[in-house]
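Q: pasting the sequence and the predicted coordinates here, then a few questions.
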Amino acid sequence: MKNVSDVIVVGGGPCGSYAALKLAKRGVRVTVFEEHNQIGLPSHCAGHISIKGLANAGLLSLPKRIVENTYRAAHFHSPNGNRFSVWFKSPLTYAVDRVLFDKYLADKAADAGAEYSLGSHVESLIIESGRVKGVTVRQGGRHEEKTAGIVLDAEGVSSKLLRQTGLAGLERRMLVNGVEAEVSKVKDVEPDAVEVFMGTEYAPGFYAWLIPKKEGKAKVGLGARKGNPRLLLQKLMTTHPAASRKLCNARMLQVAFHPITLGGPLKQAYSDGFLAVGDAASQVKPTTGGGVVLGLTCAGVAAEVASEALVRNDVSAAFLRSYQTRCNEAIGFDVKTMLRIRKILDMIPDEKLDDIVAMCTRLGLNKTLQNVREIDFQGHALLHVLRSPRTLIVLGHLSLVYLSANL
């Protein structure tokens, strides 16, 4: 058995690399095992990230080649084609090239001292007397055991390692099947506006999106609780009253499929010698399915707690519980709010969505929302916009729809 590091990170995605970066900066010996031969591939995510979220993570000064586009508007399309638009007073989000973004984070972590082992598939945890002591890795047909004080699981939604600890995994009924495509020959789009398409006929249980890039290209995708995501995406592109005008002649350049977890963070993402972050811990926004900013937030907390545990020579669950506590303090209120919003959205039939989108336009809710700067921590953002009577009217209508659906 070979001891290679103080902390082993499983997965070289944004959360794994960000935790490795923070750990390495604290002088912790950290090794990242990534099963693929190249960081960032395969890419499963649209890479639509808030500018404020990147700033909070200290990642605002990204190289220009990574940022594909900047957005200051959002168009929301109801099932029958009604549109509600918000133009924000300043740019709110970026689209980033996820392959280059992931590699950028990995390079920063490596420069800080983290070691990367690519093409290394972590098959299982090494558990002795109930404590995680390391991992079994397969690389090039060979199997090796690697030990560490703490294993940090950033493997994604599979949560295979987490389940080996005996912890409860992701809530399967809160998973949606996602499809993400890069397309060309898109027409009639505003280059600095993202678009959201709603309706059970196209994205049952979630929504579809169009994120313009440059030169007539875009990122298009959707999530669905039932049905074939590929067929639903084709239907959206060819028959949706608003999307088809923009995408009926579009050509798919590449396509990827991935599950999205909407159940909110796991109630326990730690055990003796073990922490889980990112999608593996369901640290994802239940409203939109975006996980980068919440995941980076919790990965930073994980690095703090892990380094403190190593200094104290105490990697017990009793001490690592502080990871859960600090994450709850950082994102708990917002996630609880988003879970309530998700529950309401799941209950609204298409015809009511049409009414609500039309109502938002009629009331001029865009005037209330144009000053919004926070889209990741949506509980606090909602508290801010609740000062407006327009918001209260829409929320009251949503509440009535929800109550009537539960009678």
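A: Arrived safely.
Q: residue 169 reaches residue 157, doesn't it?
A: No - contact criterion CB atoms under 8 Å: residue 169 and residue 157 do not qualify, at 9.3 Å. The C-beta positions use only the backbone N, C-alpha and C, and glycine is treated the same way.
Q: quick one: classify the residue nearest to residue 346 when sequence neighbours are not counted as helix, strand or coil.
A: Distances taken as CB to CB, 6 or more residues apart in numbering place residue 205 nearest to residue 346, at 6.5 Å, with adjacent residues excluded. At residue 205, secondary structure determined by DSSP: H, G, I helix; E, B strand; the rest coil is coil.
Q: any idea how far residue 205 lies from residue 220?
A: 18 Å (CB to CB, to the nearest Å).
Q: the more surrounded of the two?
A: Ranked by neighbour count (other CB atoms under 10 Å), residue 205 and residue 220 place residue 220 first, with 28 against 17.
Q: number of residues surrounding the nearest residue to residue 78 once chain neighbours are set aside?
A: Nearest residue to residue 78 in three dimensions, chain neighbours excluded: residue 357, at 3.9 Å (CB to CB, 6+ apart). By the criterion of other CB under 10 Å, residue 357 has 20 neighbours.
Q: and residue 357, that one's in a strand?
A: No - per three-state DSSP, residue 357 lies outside any strand segment and is helix.
Q: with residue 162 as the reference, measure out to the closest residue to residue 140 other than its chain neighbours.
A: Using CB to CB, 6+ apart and skipping residues adjacent in sequence, the residue nearest residue 140 is residue 119, 7.1 Å away. Counting by CB to CB, the gap from residue 119 to residue 162 is 23 Å.
Q: kindly report the same for residue 135.
A: In terms of CB to CB, residue 135 sits 13 Å off from residue 162.
Q: quick one on the thing from earlier: isn't the residue nearest to residue 140 right next to residue 139, touching?
A: Yes - Residue 119 is within contact range of residue 139, at 6.1 Å (criterion: CB under 8 Å).
Q: for this protein, which spans come out with low pLDDT?
A: 1-4, 386, 391-407 (pLDDT under 70).
Q: give me the domain ranges for it.
A: Listed domain ranges for the chain are 2-45+99-170+266-332, 72-94+173-261, 340-406 (source: automatic domain parsing).
Q: can you tell me the closest non-neighbouring residue to the residue nearest the centre of the chain?
A: Closest to where the C-alpha atoms of the chain average out (CA atoms, centre = their mean) is residue 291, at 1.6 Å. Once flanking residues are discounted, residue 291 sits nearest to residue 284: 3.8 Å by CB to CB, 6+ apart.
Q: list phi and psi for that neighbour.
A: phi -140, psi 150 (degrees, to the nearest 10).
Q: distance of it relative to residue 266?
A: From residue 284 to residue 266 the distance is 11 Å (CB to CB).
Q: these two - which one has more neighbours?
A: Neighbour comparison, residue 284 and residue 266: the larger count goes to residue 284, with 26 against 22 (by other CB under 10 Å).
Q: show me the contacts for the more buried one.
A: Listed by CB atoms under 8 Å, 6 or more residues apart in numbering, the contact set of residue 284 reads 260-262, 264, 290-291, 294-295.
Q: of those residues, which is the nearest to residue 22?
A: residue 295 (12.9 Å; CB to CB).
Q: hey, which helix is longest across this protein?
A: Using DSSP state H, we find that the single longest helix of the chain is helix 317-347.
Q: buried residues in that one?
A: 317, 319-320, 323-324, 326-328, 330-332, 334-335, 337-339, 341-342, 344-345 (16 or more other CB atoms under 10 Å).
Q: what helices or strands is it leaning on?
A: strand 270-271, strand 274-276, helix 292-312, helix 378-385, helix 389-406 (3 or more CB pairs under 8 Å, 6 or more residues apart in numbering; DSSP states H and E).
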